[in-house]
Each structure stands twice: as C-alpha cells, then as structure tokens.
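Colleague: Sequence first, then the predicted structure:
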Amino acid sequence: MRNLVPSWIRVPVVFFIIFGAVEFFIDSGEKPAFIEYPAVMLFLLLVLLILIAIEAIVSALENVMLHKLDEEAKARFLAEKEKTFKFTWLEETYNKLLGSKPIEEEGEIILDHNYDGIKELDNNLPPWWVYSFYISIIFAAVYLLRFHVFDGYSQIDELETELADARIALEEYKKTAKDLVDINTVTVLTDAADIKAGQSVFETNCVACHMADGGGGIGPNLTDDHWILGGGIKNVFKTVSEGGRSGKGMIAWKAQLKPAQMAQVSSYVLTLQGTTPANPKAPEGDIWVDDSAPAEDIPTEAL
Ligand code: HEC
C-alpha cells in the first residue's frame with residue numbers, strides 16, 4: 001500500500017483528512033475552527049510536521065536497510081519498488097486522445113516542402129477534437145428536431161414556468177411571514193381562521209368603544225357604509241394602525257397589535273358591513289366608494 005501512493009500525495013491527503021475531521025468536530029460557528037481558535041492552527045501545524053517526519057524516517061530506514069542487503073536482495077527490492085502505482089491508465093488515455101506521433105516516428109509524416117528550414121508534419125486531427133466535433137453535430141441535430149421541428153418549450157415558456165414557481169413560493173412565504181403586511185400590501189383576508197382571529201382581537205380591544213356588534217358608542221358605527229376616515233381595507237388598516245384624528249379617542253394600535261393582527265381585525269371589521277346592530281349609532285362621515293374596485297363591481301345604475 002505504501003508503495004502504491006507516492007509520499008507527495010500521501011502526506012497532503014492524510015493532512016486534509018485530519019483537517020476536515022477537526023473542522024467537522026469543533027463547533028466554531030461561522031468561522032473555520034483554525035481561525036476561531038489559534039491553538040487549532042498550532043495543532044494542525046504539528047500534525048503536518050509529524051507526517052513529514054514520519055515520511056522522512058521511513059525512507060531513511062529504507063535506505064539503511066538497502067545498504068545491508070546483498071546484491072540479489074537489493075535487486076529484488078528495487079524491482080518491487082519499480083512496480084509503484086503510476087497513473088498509467090490516465091497517461092495512456094491522455095496520449096490516445098492527443099493522437100500525436102512520438103518524436104521518433106515523426107519522419108513518417110513529414111511533408112516534403114520546406115520553407116526556410118521550417119517543415120510541416122501531416123498530423124492526424126487529434127481524436128479529442130474529432131469526438132467533440134461529432135458530439136456537437138449530434139447535439140445540434142437533436143436540438144434542431146426538439147425545438148424547431150417539434151416545437152419544444154421556448155424561452156418564454158421557461159420564463160412563465162419560473163414565474164409561476166416564484167408566485168407559488170411567494171404565497172408560501174407570505175403564509176409563514178404574515179407580519180410583513182403593511183398599508184401598501186394589505187388585502188382583505190377571507191380565511192375563516194383569519195376572520196376568527198380578527199374577531200377575537202376585536203372583542204379584546206375594540207368592543208369598549210365600538211360595541212361587540214360594531215354598532216358604535218364612543219367610536220363610530222362600523223356597520224354602515226359611512227366612513228369618517230375612509231372605508232376599504234387600506235383605509236381601515238391605516239386607521240387601526242395609525243389611529244384616528246387626534247383627541248377623538250381612537251389610538252394607533254400598531255404599538256400593541258402585530259401587523260398580521262391589524263390585518264385580521266381590519267378584515268373582521270369589514271365583515272360587519274351591512275349587518276344590523278342592536279343599537280346602531282347614526283352614520284357619521286361620507287358614503288365610501290372604492291375607486292380602485294374593478295369595473296364590474298360598480299352597479300350599472302351608477303355608470
Ligand atoms: C377608546 C375608544 C376606542 C377604541 C378602544 C377603539 N376605537 Fe376605533 N374609533 C374610536 C373613535 C372615537 C373613532 C373615530 C375617530 C375619528 O373620528 O377620527 C374610531 C374610529 C375607528 C375606525 C374608523 C371609522 C370611520 O368611520 O372611519 C375604525 C375602522 C376603527 N375605529 C376600528 C377600531 C378597531 C379595529 C379597534 C380595536 C383594535 C378600535 N377601533 C378601538 C374609538 C375607539
């Protein structure tokens with residue numbers, strides 16, 4: 001085994017195995033262990049020195065032993081050593097792929113012209129080049145058939161698939177990061193779980209002034225289509241987050257509620273629209289018309 005791998009490979013390989021093991025077993029956070037703990041560097045240096053020392057000692061021993069052997073044994077030992085593993089397979093393949101003639105045989109392929117002493121060899125095309133060329137021809141034919149004859153997917157299709165994947169990933173991400181919502185991105189939540197969560201936020205924080213059925217008290221009626229500060233999810237979210245006009249009693253809830261909770265309670269408030277509360281407060285503010293609503297949502301009489 002020792003003879004199979006030369007020492008200039010053996011030493012680094014063993015060293016890097018030890019190095020890898022050290023990095024694997026020492027928990028050093030983001031930084032590599034040998035930077036985080038200088039003692040590790042010292043240890044690795046020692047390992048390297050010991051490995052080199054072992055190599056040196058073994059080869060010195062070998063030399064001493066060689067001198068003690070008689071001629072016949074020496075010859076046998078050297079012959080054994082000769083059999084060391086050379087990368088013969090790699091070398092042969094490499095030469096085959098180059099396809100060049102050895103210098104001794106160049107006489108066979110020399111062309112008979114001569115320009116100021118410069119002569120030309122009639123070498124074969126190198127096989128690596130020829131094979132790559134054939135492969136590229138086959139690739140081109142397959143490509144042509146797939147994409148131009150049988151109309152394979154186009155770059156536009158690829159883009160669309162990627163966009164669709166990205167949209168799915170975005171939806172997934174939004175589900176786990178509900179608190180990313182703000183006034184610009186808030187949309188009406190329709191999930192029963194979200195509405196229920198909104199209801200419980202409302203019952204804990206808002207009923208004192210708006211009543212459990214939204215009919216209003218200190219705060220305005222939330223069930224009619226009149227709004228002081230604007231209806232629609234964005235305005236309601238803004239009112240909840242930033243509060244109403246100063247001195248009126250509606251505080252900014254962003255300090256106490258998470259963005260997701262404000263979106264949920266805002267969506268819940270909007271579900272109260274059109275319900276009939278027990279003691280409705282008289283409408284305040286203006287009738288809210290959503291300018292950004294899609295055209296088909298506007299009743300035909302309004303057009
Ligand atoms: C201390 C009483 C009080 C509490 C508690 C309260 N509000 Fe209000 N709310 C008001 C008042 C007063 C207004 C009117 C503000 C104005 O006129 O500027 C108002 C306005 C609103 C409006 C705008 C109504 C409109 O017509 O534009 C919404 C929406 C609203 N509150 C939702 C909530 C939600 C949701 C909660 C619970 C998180 C809540 N409020 C808690 C007193 C309160």
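Modeller: Done, it's in. Numbering: from 1, shown residues only.
Colleague: which one's the longest helix in this protein?
Modeller: helix 38-68 (DSSP state H).
Colleague: What average pLDDT does that helix get?
Modeller: What helix 38-68 shows for mean pLDDT is 91.
Colleague: cool, and stretch 162-174?
Modeller: On average, stretch 162-174 scores 91.
Colleague: which other residues reach that stretch?
Modeller: residue 180 (C-beta atoms under 8 Å, 6 or more residues apart in numbering). Any C-beta I mention is one placed from the backbone N, CA and C, and that applies to glycine too.
Colleague: Is any residue of the helix or strand that contains residue 270 near the ligand?
Modeller: Take DSSP states H and E as the rule and residue 270 turns out to sit in helix 259-271. Yes - interface with the ligand: helix 259-271 contributes 265, 269 (C-beta under 6 Å from any ligand atom).
Colleague: got the contact list for that helix?
Modeller: The contact list for helix 259-271 (C-beta under 8 Å, 6+ apart) reads 178-182, 186, 188-190, 194-195, 197-199, 201-202, 205-206, 214, 222, 231, 233, 236-237, 240-241, 253-254, 257.
Colleague: residues of stretch 270-281 that come out buried?
Modeller: For stretch 270-281, the buried set under the neighbour-count rule, 16 or more other C-beta atoms under 10 Å, comprises 270-272, 277, 280-281.
Colleague: Please disregard the earlier target; I meant stretch 202-211.
Modeller: For stretch 202-211, by 16+ other C-beta under 10 Å, it's 202, 205-206, 210-211.
Colleague: Show me which of these is closest to residue 42.
Modeller: residue 205 (61.3 Å; C-beta to C-beta).
Colleague: Contacts only, for that closest one.
Modeller: Contact analysis of residue 205 by C-beta under 8 Å, 6+ apart lists 253, 256-257, 265.
Colleague: one step back: which strands or helices does the longest helix of the chain pack on?
Modeller: In terms of contacts (3 or more C-beta pairs under 8 Å, 6 or more residues apart in numbering; DSSP states H and E), helix 38-68 is packed against helix 7-25, helix 33-36.
Colleague: Could you turn the buried ones of the contacts of helix 259-271 into a ChimeraX selection?
Modeller: Applying 16+ other C-beta under 10 Å to those, the buried members can be selected in ChimeraX as follows:
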select :181,186,188,189,194,195,197,198,199,201,202,205,206,214,222,231,233,236,237,240,241,253,257
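Colleague: Would you map the helices across this protein?
Modeller: Going by DSSP H, the chain shows helices at 7-25, 33-36, 38-68, 71-82, 88-98, 127-143, 155-176, 192-205, 207-210, 232-242, 259-271.
Colleague: hmm, who's touching stretch 232-248?
Modeller: 183, 186-188, 227-230, 250-254, 257, 259, 262-263, 265-267, 269-270, 288, 290, 292.
Colleague: likewise stretch 54-71?
Modeller: By C-beta under 8 Å, 6+ apart, stretch 54-71 touches 2, 7, 10-11, 74, 77.
Colleague: for that stretch, which positions count as buried?
Modeller: For stretch 54-71, by 16+ other C-beta under 10 Å, it's residue 55.
Colleague: if we can go back for a sec, tell me the most buried of the helices and strands packed on helix 38-68?
Modeller: Mean neighbours per residue, mean count of other C-beta atoms under 10 Å, is largest over those for helix 33-36, with a mean of 16.
Colleague: so how far is it from its chain's centroid?
Modeller: Centroid separation between helix 33-36 and its chain, computed with C-alpha atoms, centre = their mean, to the nearest Å, is 26 Å.
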